[in-house]
Each structure stands twice: as structure tokens, then as C-alpha cells.
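Enquirer: prediction below, plus the sequence it came from.
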Amino acid sequence: MPELRINPDKVCDFIEAARELSGRVTPTTGDRTSTGDDSPLELGMELQSDDPTRLQMVEFIAGLNVEEQTDLLALIYMGRADAADWDEALDMARDRIDAKDPDFMIGDPGLPEYLGSGLEFFGKSCAD
């Protein structure tokens, strides 16, 4: 079993902040914002860059060491099923971070679910 280098409690704290933030983003389900093609959705509310929860999440990520940032992003990739295994998820995360483009998907309503699914890969959860 691969080793998770970020404390699951930290991930759970990040999930909680992501849930709070995603609750402020207007859902687009059934509101006719999609045209059925791949064009970008127009949200009814833009995520403000000065939102305190968003800032908290950015500061949280900035406070992680590189290994923890890599694992956090790799958990997202595992949870989204973007990677076939943990090693591939780690490689993808390292590439993004090395390119100075670590997309942590802040504001994505699916982020809590992706991270939760990624933790399940390690037999962990935030249920406690």
C-alpha cells in the first residue's frame, strides 16, 4: 500500500472548507445554463477572490510542504478517476506543481467528493 504523506485530518479540514465554499456557488443543475455542448457554463454568481473561505483554502495550500501539496492534488486526481493508480496520480500532480500550475479546483462543487473518494483509496474517511 502506498504511503499518504499528508495527514488525513488536514484533508478533512480542507474538505470542510470546500463544502462551505461550494455552498456559495450557484448550482447550474437544471437552470438552462448549459447548451448541451462543451461551451463554458455561465454561473449566476462568480466566486469572489476575496471570499474568506477561499482565502483560507489558498493559505492552507500555501502552508503545506511540497509533498503534502502533491498528495492533496493526487487525491483529487484519484477521486476524479483521472489516474489509474496512486503512482500515476502522483506523477500528474508533480507535473502540475513543477509547472507552477497546481490546480486544486477551489470552488469546484465536486472537490469535497473527489477528495473523499481519494481518501477512501487509503481506507480513510472524514466520518469521525
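Expert: Great, that's in hand.
Enquirer: now do the buried residues in stretch 111-122.
Expert: 111-119, 121-122 (16 or more other Cβ atoms under 10 Å). In this view, the C-beta of every residue, glycine as well, is placed from N, C-alpha and C.
Enquirer: ok, those residues vs Thr70, which is closest?
Expert: Top of the list for closeness to Thr70, among the buried residues of stretch 111-122 and by Cβ to Cβ, is Gly118 at 12.5 Å.
Enquirer: mind listing the helices for this protein?
Expert: For the chain, the helices defined by DSSP state H cover 8-22, 52-62, 66-79, 86-98, 111-121.
Enquirer: burial-wise, tell me which of those helices comes out on top.
Expert: helix 66-79 (a mean of 22; mean count of other Cβ atoms under 10 Å).
Enquirer: any idea how far the residue nearest to Glu113 when sequence neighbours are not counted is from Glu59?
Expert: The shortest distance from Glu113 to any non-neighbouring residue, by Cβ to Cβ, 6 or more residues apart in numbering, is to Gly79 (6.7 Å). Distance, Gly79 to Glu59, using Cβ to Cβ, to the nearest Å: 22 Å.
Enquirer: got JSON lines for the helices of the chain, with mean pLDDT too?
Expert: Listed next are those as JSON lines, based on pLDDT from 0 to 100:
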{"stretch": "helix 8-22", "mean pLDDT": "93"}
{"stretch": "helix 52-62", "mean pLDDT": "91"}
{"stretch": "helix 66-79", "mean pLDDT": "96"}
{"stretch": "helix 86-98", "mean pLDDT": "96"}
{"stretch": "helix 111-121", "mean pLDDT": "96"}
